[in-house]
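Participant: take this sequence and fold it.
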Amino acid sequence: MTTCVQRPLHYTARGDFFKSKIANSLLRFINILPVYRREEGKDLMYKNAETFADCIELFKKNGAVIIFSEGLSENKWELRPLRKGTARLAFEAWNNSDIGEKLKVVPVAIHYCSWLKIHPVVYVDFLPGIEKTHFSDSDESGLFNKKFNDLLRAILTGRCINLDKSTDIVSQNKLTGFMLKNYIDGAWSAKKLQNKYSSSKEPEFKLNYKVLADFLIKENINYDLKFTSSIMNVINLIGWMIVFPVAWLSNFIPYYFCKAIVWKSTGGNDFHDSLFYCMLLITYPIYLWGLFLTIAHFKDFIAGLIVLFLVVFSAYYYEASKRYILCYFKRKQLIEVKAMFRKLFEKGND
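Facilitator: Next up, the predicted model:
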């Protein structure tokens, strides 16, 4: 979202991440504000008043604040229940004489194909805005919060993927994830399929859907890449086998160093992946610079550049080629997958 919007953005994040003075100063420096949830302790929720006051001051200066209304970071594709924070902040801002109707709430739907894939696709959709005129001035805060969240959910539901909670969630998550990872405009394709699944009364359609999802799970198929020639697949395989030990030996120090620290800090909670990424983003360039200086000092400048290239390229090639190789070994199963998709979308089931 920061790359899509031509203006500074402030974000909100869970409050327990601001415990230390260093973390608090660093996060605020990069425009992140704390929001305290019941999960962090009811005794801390009073601090949200300070954050809301900071947001109001930002709004007075025509600033923008991003709030993740679901309040959770989980490995799930569908829209989750919305919390009250966004509604409460909008209510307070719209009732502030210095802000009033100037404030607009812009719902944003975000889908991603994978957080592990190289060059992942992220779908960002800015949806119709919510304005003060959508609500009555006589609404008290409790009624307003409900109306606001109902409207926000209705807008997001029009673009977000929704799973049918009354039936097989595992199959729906698997098939939704597969489409997001592999299809052009995967978010729209997955949503279209899920709408059909939720509304369909045809037993044959749901049976075909279930068979396809079970096959993907059983065969552990996550990617469907276009096959290159057999020669190129062999070259990829040989190259991968040669590059793998180089990639692992030259990159395991920063990787496991960051992994150990982050795991100790988070215990694997919903901030683990974000912190791991950020720490690698800072640590890895330092590691590469140190490695280059060491080789350049004991050998020469050219040798340092060569080692630097090999370290980075081996890691990239290892990850990129791994998916081609996995698909090559599962090429027969992928032919079956394509046939199952054709059956799923054949006439009467599209």
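
Participant: tell me where the model's unsure across this structure.
Facilitator: 40-41, 75, 115-116, 226-229, 347-350 (pLDDT under 70).

Participant: the strands in it, which residues?
Facilitator: 10-14, 32-35, 65-66, 108-112, 122-126 (DSSP state E).

Participant: pick the most deeply packed of those strands.
Facilitator: strand 32-35 (a mean of 21; mean count of other Cβ atoms under 10 Å). In short, each C-beta sits where N, CA and C put it, glycine included.

Participant: ok, residues contacting that one?
Facilitator: Identification of contacts with strand 32-35 by Cβ atoms under 8 Å, 6 or more residues apart in numbering yields 10-15, 17-18, 24, 27, 47-48, 51, 54-55, 65, 67, 85.

Participant: okay if I get the strands of the chain as TSV plus distance to Phe276?
Facilitator: Converted to TSV, the strands of the chain look like this (distance: least, Cβ to Cβ, whole Å):
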stretch	distance to Phe276
strand 10-14	15
strand 32-35	17
strand 65-66	21
strand 108-112	16
strand 122-126	18
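
Participant: and of those strands, who's closest to Leu175?
Facilitator: strand 108-112 (14.4 Å; Cβ to Cβ).

Participant: what lines up beside the closest one in the sheet?
Facilitator: Taking DSSP bridges as the criterion, strand 108-112 sits next to strand 122-126 (antiparallel) in its sheet.

Participant: what about the strand it pairs with, distance to the chain center?
Facilitator: Put simply, strand 122-126 sits 11 Å off its chain's centre (Cα atoms, centre = their mean, to the nearest Å).

Participant: and for stretch 305-315?
Facilitator: Distance, stretch centre to chain centre, for stretch 305-315: 28 Å (Cα atoms, centre = their mean).

Participant: list the buried ones in it?
Facilitator: For stretch 305-315, the neighbour count (16 or more other Cβ atoms under 10 Å) marks Val307, Leu308, Val311, Ser314, Ala315 as buried.

Participant: excluding residues flanking it in the chain, which one is nearest Val307?
Facilitator: Of all residues not flanking Val307 in the chain, Ile295 sits nearest, at 4.9 Å (Cβ to Cβ, 6 or more residues apart in numbering).

Participant: hmm, Cys113 is touching Thr176, no?
Facilitator: No. Here Cys113 lies out of contact with Thr176, judged by Cβ atoms under 8 Å, at a distance of 10.9 Å.

Participant: compare the two (neighbour count), which wins?
Facilitator: Just comparing Cys113 and Thr176: by other Cβ atoms under 10 Å the higher neighbour count belongs to Thr176, 25 against 21.

Participant: check the gap between that one and His111 for me.
Facilitator: 9 Å (Cβ to Cβ, to the nearest Å).

Participant: overlap in contacts, those two.
Facilitator: With Cβ under 8 Å, 6+ apart applied, the overlap between the contact sets of Thr176 and His111 consists of Trp77, Ile161, Ala190.

Participant: ok, Ile110 - contacts?
Facilitator: Met1, Val122, Tyr123, Val124, Asp125.

Participant: of these, closest to Leu280?
Facilitator: Val122 (18.7 Å).

Participant: excluding its backbone neighbours, what's nearest that closest one?
Facilitator: Leaving aside its sequence neighbours, Val122 sits nearest to Tyr112 (Cβ to Cβ, 6+ apart; 4.9 Å).

Participant: show me the domain layout of this protein.
Facilitator: According to automatic domain parsing, the chain comprises the domains 10-157, 169-221+334-344, 230-329.

Participant: ends of the shortest one, how far apart?
Facilitator: It refers to domain 169-221+334-344. Taking Cα to Cα, to the nearest Å, domain 169-221+334-344 runs 18 Å from one end to the other.

Participant: chain center to it: distance?
Facilitator: Distance of domain 169-221+334-344 from the chain centroid (Cα atoms, centre = their mean) equals 21 Å.

Participant: tell me the bridge partners for Phe126.
Facilitator: Counting by DSSP bridges, the residues bridging with Phe126 are Val108.

Participant: pretty sure it contacts Val108?
Facilitator: Yes. Between Phe126 and Val108 a contact is recorded at 5.6 Å, counting by Cβ under 8 Å.

Participant: tell me the contacts of Phe341?
Facilitator: Applying Cβ under 8 Å, 6+ apart, we find Phe341 in contact with Leu212.

Participant: Ser199 now?
Facilitator: Here Ser199 is in contact with no residue (Cβ under 8 Å, 6+ apart).

Participant: next one: Leu334
Facilitator: Contacts of Leu334 (Cβ under 8 Å, 6+ apart): Ile221, Asp224, Cys327.
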